[in-house]
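Undergrad: sequence below, structure please.
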Amino acid sequence: MWITNNKVLLTWGVMVVSLLAVFLFCPGSSPAISILTNLLFLTIFVVCLFIVLREKQWGKKVIFVNFLLFSGYFLITGIYPLIGNLLFSDNIYARHYHYQYGTIYYHIFLLLGISYLVIDLLFRQRGILIKYLISLSIVGVVTITYYNPFFEDPKYLYNNPDFKDWTAIYFASDKLEKENGEHPTAEQIAAVVALNAWKNGKPVGELYEKEKISRISELLPYVEGNNYLVLLMRPLHRANVYMNTFTIFLIFLFF
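TA: Numbering: from 1, shown residues only. Got it, this is the predicted structure:
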């Protein structure tokens with residue numbers, strides 16, 4: 001037991017030092033809360049790793065394999081300071097992809113861990129393979145339902161109609177502000193910009209003047225500062241909420 005405890009501490013210590021080195025010595029490091037969050041995931045990862053290595057019963061081992069994969073999220077967030085600096089420095093969307101698919105990874109493997117726990121409880125007499133197939137089927141259906149657009153188009157958030165309209169409004173607003181020295185109104189922007197009518201994510205024509213002014217008024221607050229990030233990430237955050245809602249439902253079902 002003493003040797004095992006020391007192996008856990010040694011493994012955890014080496015990984016902590018490596019993680020802190022990345023955060024402290026790379027430009028654009030994340031704030032302290034991100035480091036603390038990663039250390040929490042790291043602790044769960046190390047504990048699950050040693051349980052998986054020492055557990056003899058496959059029924060219990062598989063449960064911790066799932067949470068080992070989930071807590072591996074710290075590896076994704078841990079390399080964030082390297083993205084755009086040492087890794088993929090020539091890709092302007094690198095950090096966007098990292099955040100987008102890192103978030104999706106987190107929610108998928110959290111759902112897998114919880115799903116398997118529930119299936120294991122409901123079908124105790126079934127084999128591990130059957131339980132895993134049922135769990136993977138649940139995760140697969142939910143993932144495709146909410147995250148499929150992000151797999152079909154990595155730039156889905158940028159190609160979303162809301163953000164497309166915002167881009168046109170932003171450049172028109174910026175141009176008018178430079179010319180007139182004051183923030184333009186929705187009517188002024190509407191006079192110099194054309195906005196599409198959208199159906200199923202595809203343009204099907206142009207908006208009439210009244211509809212265009214209404215649309216500009218809706219998106220104009222996002223032009224200020226970094227407000228656009230809220231608009232940009234809204235489809236991803238909405239999908240995350242749906243995934244979390246389903247996961248919470250399974251947690252209630254488990255209890």
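Undergrad: all contacts plus neighbour counts: C-alpha atoms, from now on.
TA: Noted.
Undergrad: which residue is nearest the centroid of this protein?
TA: T103 (2.1 Å; C-alpha atoms, centre = their mean).
Undergrad: work out for me the element that residue sits within.
TA: Element membership for T103, per DSSP states H and E: helix 94-122.
Undergrad: can you spell out which helices and strands pack onto the helix or strand just after that helix?
TA: Of the helices and strands lying after helix 94-122 in sequence (DSSP H and E), the nearest is helix 128-152. Using 3 or more C-alpha pairs under 8 Å, 6 or more residues apart in numbering; DSSP states H and E as the contact test, the elements touching helix 128-152 are helix 94-122, helix 156-159, helix 228-254.
Undergrad: who wins for proximity to T145 among these?
TA: Of all the helices and strands packed on helix 128-152, helix 228-254 sits nearest to T145, with 9.0 Å by C-alpha to C-alpha.
Undergrad: does anything pack onto the closest one? Which helices or strands?
TA: Helix 228-254 sits against helix 94-122, helix 128-152, helix 156-159, helix 161-180, with contacts defined as 3+ C-alpha pairs under 8 Å, 6+ apart.
Undergrad: isn't V139 up against I108?
TA: Yes - V139 lies in contact with I108 (C-alpha atoms under 8 Å); the separation is 6.9 Å.
Undergrad: W198 belongs to a strand?
TA: Yes - judged by DSSP: H, G, I helix; E, B strand; the rest coil, W198 forms part of a strand.
Undergrad: check the gap between it and Y208 for me.
TA: As judged by C-alpha to C-alpha, to the nearest Å, W198 and Y208 stand 13 Å apart.
Undergrad: go on, K202?
TA: According to C-alpha to C-alpha, K202 stands 17 Å off from Y208.
Undergrad: so what's E209 up against?
TA: Going by C-alpha atoms under 8 Å, 6 or more residues apart in numbering, E209 touches A190.
Undergrad: apologies, that question was intended for P149.
TA: Counting by C-alpha under 8 Å, 6+ apart, P149 touches Y156.
Undergrad: S173 contacts H183, doesn't it?
TA: Yes - assessed by C-alpha under 8 Å, S173 is found in contact with H183 at 7.4 Å.
Undergrad: and of the helices and strands packed on helix 228-254, who's closest to P235?
TA: Closest to P235 of these, according to C-alpha to C-alpha: helix 156-159, at 7.0 Å.
Undergrad: tell me what that closest one is packed against?
TA: Applying 3+ C-alpha pairs under 8 Å, 6+ apart, one finds that helix 156-159 makes contact with helix 128-152, helix 228-254.
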